[in-house]
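A.B. asks: Give me a 3D structure for the following:
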Amino acid sequence: MSEAASQQPASSPARDTAPATRRTAWLLLRYRPWLFLGTVLFRGIDDLVPFLNGLIMKAFFDTITGDAPAGFTAWTLVAFYVIIELGDRGVLFVAAMIGMRWWYTVTSLLRKNLLTAVLAIRNPLHVAGASGETTNRFRDDVDTVVTYLEQYIHLGGNLIFAVLAIVWMARIDVMVTIVTVIPAVVIVTIVDAARKHIVRYRTAQRVATEASTNFANEMFQSVQALQVANSEDQAVGHYRQLNDARRKSTLVDNLFNQMLFSVNVNISHLATGVILIMVAQAMKDGTFSVGDFVLFSTYVGEVARSGSLIGRVLAQHRRAEVSLGRMMKTAEVNTTEPIVEYGRVYLRDDPPPIPPPEPASAHRIEHLDVQGLSCVYPDSTNGVYDVDLQIPRGSFTVVTGRIGSGKTTLVRALVGVLPMQTGQILWNGEPVEDPRQFFLPPRCAYTPQVPRLFSESLRDNILLGQPETEQMISAAVRMGALEDDIPTLERGLDTIVGPRGVKLSGGQIQRAAAARMFAREAELYVFDDLSSALDVETERI
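C.D. replies: All right, here's what the predicted structure looks like:
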């Protein structure tokens, strides 16, 4: 038997199936539809304000120059303009309130579902060594997807404005109006032609970011190893190289997107200049009033901006496609449905309390049998083969062997942390179909060879959300041999242990993990090299 966990890849193979980005967007837009529609409504009202302002300014200048028919006075039109602008401020405030709630609701749903999918991955080796990469996907890729959805909030009102403005301008001069529409068509064509470059540069930027953050995470986990090997300078040098690659890829990605944006804006500005020249000629011929000129000046830039927005939506669609593909890879799924599955998120209230565990008596163990268990790491022959094991109730079973003989692999496969290729596990004679879901408290509690603590209090690390009783926590502390350590800590059980338990010694981390295991009050306790960081006296306890 042999073990080769360190030889496994940190992430699963990339999926070949391109994510159905539009379907995913539709499903997310239907989640909390009233929040989305409310944001679209108020943002749409704001986007239509320039249309009303254009009409008011046309009427104002026509009134001043005497080209307007009898109607509102100039001061009345000024009052209308002020009222609309003040009302628009209130509309924007409401839109921001609803929009931010929609944003955090959708991002929370995506992150909750992504975390659920990660926790359900059959082989933890696929994610255990890629925490920096996974963090980027939870943060940046989720934000990229929701930023893409946000473009549709602005798109609706802008398109309605563009249609109304084009119709109104066409009533004044059809030829000038046609020139106004041309930039939007050109912008859409350019963005569509650049879509492959958008995907390629975005993918390269995300890969370089993952490499940099992963290595930073590994350095912080291996500070002592680097110091002992006197390799701090080499590690920093390699980190600098990774960051240089990240900087270059980010620069290319941002530069290309800014170039597209610049092309869009400059096309719009050039078109505006051409239109103003045409309008000036029409005014010279007497077919254009000053009010018509002001209206065109107001609408031309806004219509061009609507065309630019269409270009941004197309570009953001490609970036969202890359992010969805990376999220699918992290979740090890072939479709986006698990990532966008509807469920409740708790932004304004607390989640429901964790239900109390079933009593251990309901899962009483009499004997555990393992028959022909084999667990082999992918792309290698390392692992354990054809293991038979019998564990009667009340027994204390020890798995021994040389370093690298597969002891940890066997224990992980037994409790479902690693998938087994062949074999069968029997609990009281009944086959265990899914060890990963079966060997949980109150049936089984497990302490790994390298336990992990969270940057929370020692009490919370022991309980992990489990309802607390004084008797239970005292028993767990006693069985974990922590009684003598608690008084020496700054705040006792309420001491914040820091990231990965940095404020505790190696032995204290091991014993805290043991106390966490004993707090589960399980039928079967499984621990891997529990005393590796303990001194002789503590181990004897």
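
A.B. asks: isn't residue 340 right up against residue 26?
C.D. replies: No - between residue 340 and residue 26 there is no contact under Cβ atoms under 8 Å: 9.5 Å. For every residue, glycine as well, the C-beta is placed using N, CA and C.

A.B. asks: between these two, which one's more packed in?
C.D. replies: Taking neighbours as other Cβ atoms under 10 Å, residue 340 and residue 26 compare with residue 340 leading, 21 against 12.

A.B. asks: give me phi/psi at the more buried one?
C.D. replies: Main-chain dihedrals, residue 340, degrees, to the nearest 10: phi -110, psi 20.

A.B. asks: in the stretch 51-200 of the chain, what spans have low per-residue confidence?
C.D. replies: 66-71, 122-132 (pLDDT under 70).

A.B. asks: let's see 90
C.D. replies: Confidence mapping of the stretch 51-200 of the chain against pLDDT under 90 gives the ranges 51-78, 80-81, 85, 88, 116-141, 144, 151-200.

A.B. asks: Show me where it has its helices.
C.D. replies: Counting by DSSP state H, counting those that start in this stretch, the stretch 51-200 of the chain has these helices, from start to end: 74-119, 125-128, 131-136, 142-172, 174-193, 195-221.

A.B. asks: got JSON lines for these, with mean neighbour count too?
C.D. replies: Rendered in JSON lines, the data for these read as follows (neighbours: other Cβ atoms under 10 Å):
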{"stretch": "helix 74-119", "mean neighbour count": "16"}
{"stretch": "helix 125-128", "mean neighbour count": "19"}
{"stretch": "helix 131-136", "mean neighbour count": "19"}
{"stretch": "helix 142-172", "mean neighbour count": "19"}
{"stretch": "helix 174-193", "mean neighbour count": "17"}
{"stretch": "helix 195-221", "mean neighbour count": "18"}
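
A.B. asks: Out of those, which gets nearest to residue 409?
C.D. replies: helix 125-128 (10.9 Å; Cβ to Cβ).

A.B. asks: In TSV, list the helices of the stretch 51-200 of the chain along with distance to residue 442.
C.D. replies: Putting these into TSV (distance: least, Cβ to Cβ, whole Å) gives the following:
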stretch	distance to residue 442
helix 74-119	20
helix 125-128	26
helix 131-136	30
helix 142-172	35
helix 174-193	57
helix 195-221	32
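
A.B. asks: closest to residue 269 out of those?
C.D. replies: helix 174-193 (9.1 Å).

A.B. asks: Using PDB, list the CA coordinates for the closest one.
C.D. replies: Provided in PDB are the C-alpha atoms of helix 174-193 (Å, rounded to 0.1, in the frame of the first residue of the first chain):
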ATOM      1  CA  VAL A 174     -34.800  61.800 -41.800                       C
ATOM      2  CA  MET A 175     -31.300  62.000 -43.400                       C
ATOM      3  CA  VAL A 176     -29.700  63.400 -40.200                       C
ATOM      4  CA  THR A 177     -31.500  60.700 -38.200                       C
ATOM      5  CA  ILE A 178     -30.100  58.000 -40.400                       C
ATOM      6  CA  VAL A 179     -26.600  59.300 -39.800                       C
ATOM      7  CA  THR A 180     -27.400  59.200 -36.000                       C
ATOM      8  CA  VAL A 181     -28.200  55.400 -36.100                       C
ATOM      9  CA  ILE A 182     -25.100  54.400 -38.100                       C
ATOM     10  CA  PRO A 183     -22.600  54.500 -35.100                       C
ATOM     11  CA  ALA A 184     -24.700  52.000 -33.200                       C
ATOM     12  CA  VAL A 185     -24.600  49.500 -36.100                       C
ATOM     13  CA  VAL A 186     -20.800  50.000 -36.500                       C
ATOM     14  CA  ILE A 187     -20.200  49.500 -32.800                       C
ATOM     15  CA  VAL A 188     -22.100  46.200 -32.600                       C
ATOM     16  CA  THR A 189     -20.200  44.900 -35.700                       C
ATOM     17  CA  ILE A 190     -16.800  45.800 -34.200                       C
ATOM     18  CA  VAL A 191     -17.600  44.100 -30.800                       C
ATOM     19  CA  ASP A 192     -18.900  41.000 -32.500                       C
ATOM     20  CA  ALA A 193     -15.700  40.700 -34.600                       C
END
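
A.B. asks: which other helices and strands contact it?
C.D. replies: On a contact count with 3 or more Cβ pairs under 8 Å, 6 or more residues apart in numbering; DSSP states H and E, helix 174-193 meets helix 142-172, helix 232-284, helix 290-331.

A.B. asks: what's the most buried one of those helices?
C.D. replies: Per residue and on average, the most neighbours among the helices and strands packed on helix 174-193 fall to helix 290-331, with a mean of 22 (mean count of other Cβ atoms under 10 Å).

A.B. asks: which element follows it toward the C-terminus?
C.D. replies: Per DSSP states H and E, the first helix or strand lying C-terminal to helix 290-331 is strand 367-376.

A.B. asks: And that next one, what's buried?
C.D. replies: The neighbour-count check on strand 367-376 (16 or more other Cβ atoms under 10 Å) flags 368, 369, 370, 373, 375, 376 as buried.
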